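Asks: give me coordinates for this.
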Amino acid sequence: MQIRSAFFQVSLLIILLPFSTVCGQEKIQLDTSDCIRKKGNMKQLFYKDGSVGSSAPSTKPDFTLFLFGDAGNPHCAKAVNSHFYSKLLKHETESAVLFLGDNVYPNGIPYKSGDKKKIAQAKLEVHLNELVDYSHRAYFLAGNHDYHKVFKSPKRIIAQQQLISSYNEKSKGEIAYRPVDQAGDMVALIELDPRIGLIAMDSEWAIKKINKRKKIQKLFREPLRNALKQSEKYEYLIIAAHHPMYTVGDHGHEKLFVASQDLHRKKYRKFINEIVPNLPSGVKVIYAAGHDHSIQYIKLDEFTQIISGSGSKSNHIIESNIPSDSLSIALENRLADRKLMGKRSRFETALNNLEFATNYKGYVQLEFYNNDDGGVWMKVLALEDDVKQVYSNRLF
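Replies: Predicted coordinates for the structure are as follows:
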């Protein structure tokens with residue numbers, strides 16, 4: 001009994017070994033116990049038709065956009081972070097990074113000083129301390145956890161903005177929160193390249209306020225429609241928000257009545273309906289999101305959607321209690337639960353148009369080439385046995 005007890009204590013000590021990061025001049029210990037996967041222990045990797053994609057051009061892209069979502073537990077993804085920043089800081093051509101929300105788990109950055117604020121800041125500073133040496137642009141979007149997963153305090157967003165702004169002052173490039181502030185529009189139009197526009201949205205704010213007619217009209221609906229109209233001049237448009245429009249992950253099929261962050265909820269659907277009918281014609285649109293802790297590529301007629309939400313967390317795709325080829329099973333059988341699918345039409349659409357999905361931790365890079373033969377390519381860099389490219393394909 002004593003031997004078993006000692007073994008348990010040693011095992012617990014290993015699990016709880018802290019991850020250290022520097023917050024200002026103070027060394028903060030981050031508890032790694034929250035890195036243990038509580039569900040979806042099975043690693044999943046799905047390719048449509050079994051294809052791993054195609055090979056990108058051998059020439060360097062003219063512009064690269066890195067999509068890194070749900071990165072708010074960086075101490076849980078040290079291998080991914082190391083690979084990402086090693087690549088980012090060596091990148092020679094024009095580029096930008098989008099952090100797609102949930103930048104600080106579990107509840108954003110508290111506004112008031114204290115130990116909880118120091119720990120929360122230390123998580124974001126793992127990224128900020130690397131980004132100060134990045135000579136291009138890095139943009140952070142808000143996720144539901146950045147507001148606080150329950151209380152949804154805008155003060156926590158302001159605290160995050162202030163910390164990001166303080167690092168921008170000493171950065172070689174630009175580090176910014178978008179949209180700019182809580183007092184203004186919840187939509188920002190940014191030109192990444194003469195051919196590429198970016199619309200960044202605070203989707204958590206929009207979903208929560210969608211029934212507040214005056215606020216949503218002034219701060220979200222009008223700015224969004226204006227941005228979509230102005231973006232008609234671009235060849236490519238990236239619409240970026242934390243919340244996806246389609247997903248085969250947790251937020252697409254959960255049955256919980258109180259799951260307010262799931263796609264089938266009424267406010268969430270209203271948010272989506274503000275976007276799709278107003279997409280610009282003649283522009284190739286990529287909708288980039290996080291939220292589900294996986295990487296997904298869903299190709300639709302109106303736009304292409306990419307979820308890059310496994311920057312520091314990974315959850316099961318479909319269900320955790322069926323085999324790792326559950327995506328294949330679901331596609332072959334179109335799901336036996338027709339009653340469920342009747343209420344989850346976006347989940348079924350996602351299944352039917354899914355090109356690639358994995359719950360490996362990782363990130364996505366989009367490569368834009370000026371020549372006609374180049375087009376736009378998607379690459380997935382993810383942690384399998386080590387961090388490597390697990391998928392590549394041409395989007396346009």
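Asks: burial check on F220, number of neighbours?
Replies: Neighbours of F220 under the rule other Cβ atoms under 10 Å: 24. Glycine gets a C-beta too; all of them are placed from N, C-alpha and C.
Asks: just to check, it is in contact with M186?
Replies: Yes. F220 lies in contact with M186 (Cβ atoms under 8 Å); the separation is 4.7 Å.
Asks: what touches both of these two?
Replies: Taking Cβ atoms under 8 Å, 6 or more residues apart in numbering as the contact rule, F220 and M186 both touch M201, W205, A206.
Asks: nearest to I119, of those?
Replies: Ranked by distance to I119 (Cβ to Cβ), the shared contacts of F220 and M186 are led by W205 at 24.7 Å.
Asks: I'd assumed A142 was in contact with that closest one.
Replies: Yes. W205 is in contact with A142 according to Cβ under 8 Å; the separation is 7.2 Å.
Asks: neighbour-wise, which of the two wins?
Replies: For W205 versus A142, neighbours defined as other Cβ under 10 Å are more numerous around A142 (31 against 23).
Asks: separation between the more buried one and K218?
Replies: Going from A142 to K218 by Cβ to Cβ, to the nearest Å gives 19 Å.
Asks: low-confidence regions, the chain specifically.
Replies: For the chain, applying pLDDT under 70 flags the ranges 1-26, 33, 36-41, 181-183, 251, 253-260, 318-344, 372.
Asks: buried residues in whichever strand or helix holds N129?
Replies: Element membership of N129 [criterion: DSSP states H and E] is helix 115-131. By neighbour count on 16 or more other Cβ atoms under 10 Å, the buried set for helix 115-131 is 117-128, 130-131.
Asks: just stretch 221-233 next, same as before
Replies: Residues of stretch 221-233 classed as buried: R221, P223, L224, A227, L228, S231 (neighbour count, 16+ other Cβ under 10 Å).
Asks: please, which helix or strand holds the fourth one?
Replies: Here A227, judged by DSSP H and E, is contained in helix 222-230.
Asks: tell me which other helices or strands that helix touches.
Replies: strand 187-193, strand 196-201 (3 or more Cβ pairs under 8 Å, 6 or more residues apart in numbering; DSSP states H and E).
Asks: so which of those strands is the most packed in?
Replies: Of all those, strand 196-201 has the most neighbours on average by mean count of other Cβ atoms under 10 Å, namely a mean of 26.
Asks: CA atoms of it as CSV?
Replies: In CSV, the C-alpha atoms belonging to strand 196-201 read as follows (Å, rounded to 0.1, in the frame of the first residue of the first chain):
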residue,chain,number,x,y,z
ILE,A,196,-6.0,40.4,-50.3
GLY,A,197,-8.5,42.0,-47.9
LEU,A,198,-9.1,40.9,-44.3
ILE,A,199,-12.4,41.5,-42.3
ALA,A,200,-11.8,40.9,-38.6
MET,A,201,-14.9,40.5,-36.4
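Asks: and the angle for that strand with helix 222-230?
Replies: 170 degrees (axes from the mean of the first three to the mean of the last three Cα atoms, to 10 degrees).
Asks: all strands of the stretch 251-396 of the chain, in order?
Replies: 284-289, 295-299, 304-308, 354-358, 362-368, 376-383, 387-394 (DSSP state E, counting those that start in this stretch).
Asks: and the contacts of the third one?
Replies: Applying Cβ under 8 Å, 6+ apart, the set of residues contacting strand 304-308 from outside is 67-69, 100, 244-247, 249, 284-292, 294-299, 362-364, 366, 378, 395-396.
Asks: spell out for me the ChimeraX command that would select the buried members of the residues you listed.
Replies: Buried residues among those (16+ other Cβ under 10 Å), as a ChimeraX selection:
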select :67,68,69,100,244,245,246,247,249,284,285,286,287,288,289,290,291,292,294,295,296,297,298,362,363,364,366,378,395
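Asks: list the helices and strands the helix holding N129 packs on?
Replies: For helix 115-131, the packing partners by 3+ Cβ pairs under 8 Å, 6+ apart come out as strand 19-23, strand 26-30, helix 78-90, helix 154-168.
Asks: so T93 makes contact with T59?
Replies: No. Between T93 and T59 there is no contact under Cβ under 8 Å: 10.2 Å.
Asks: show me the contacts for the spatially closest residue to T349 that is not a sequence neighbour.
Replies: Leaving aside its chain neighbours, T349 sits nearest to Y246 (5.9 Å; criterion: Cβ to Cβ, 6 or more residues apart in numbering). Residues in contact with Y246, defined by Cβ under 8 Å, 6+ apart, are G252, L263, I298, L300, Q305, R346, F347, T349, A350, N353.
Asks: dump those residues to CSV, plus distance to N278.
Replies: CSV is the format used below for those (distance: Cβ to Cβ, whole Å):
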residue, distance to N278
G252, 23
L263, 19
I298, 20
L300, 16
Q305, 16
R346, 18
F347, 24
T349, 19
A350, 21
N353, 21
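Asks: closest to P154 out of those residues?
Replies: L263 (24.0 Å).
Asks: thought that closest one was touching T349?
Replies: No. In this structure, L263 is not within contact of T349 by Cβ under 8 Å, at 10.3 Å.
Asks: the more surrounded of these two?
Replies: More neighbours surround L263 than the other of L263 and T349, with 26 against 16 (other Cβ under 10 Å).
Asks: just the C-alphas of stretch 141-155, formatted as PDB.
Replies: The C-alpha trace of stretch 141-155 is given here as PDB (Å, rounded to 0.1, in the frame of the first residue of the first chain):
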ATOM      1  CA  LEU A 141      -9.200  38.400 -32.300                       C
ATOM      2  CA  ALA A 142     -11.400  37.800 -29.300                       C
ATOM      3  CA  GLY A 143     -12.900  34.500 -28.400                       C
ATOM      4  CA  ASN A 144     -15.600  33.600 -25.900                       C
ATOM      5  CA  HIS A 145     -13.000  32.600 -23.300                       C
ATOM      6  CA  ASP A 146     -11.300  36.000 -23.600                       C
ATOM      7  CA  TYR A 147     -14.400  37.700 -22.300                       C
ATOM      8  CA  HIS A 148     -14.700  35.000 -19.500                       C
ATOM      9  CA  LYS A 149     -16.500  31.800 -20.300                       C
ATOM     10  CA  VAL A 150     -19.400  32.700 -18.000                       C
ATOM     11  CA  PHE A 151     -19.500  36.400 -17.100                       C
ATOM     12  CA  LYS A 152     -18.500  37.900 -20.500                       C
ATOM     13  CA  SER A 153     -16.800  41.000 -19.200                       C
ATOM     14  CA  PRO A 154     -15.700  43.500 -21.800                       C
ATOM     15  CA  LYS A 155     -13.100  44.800 -19.200                       C
END
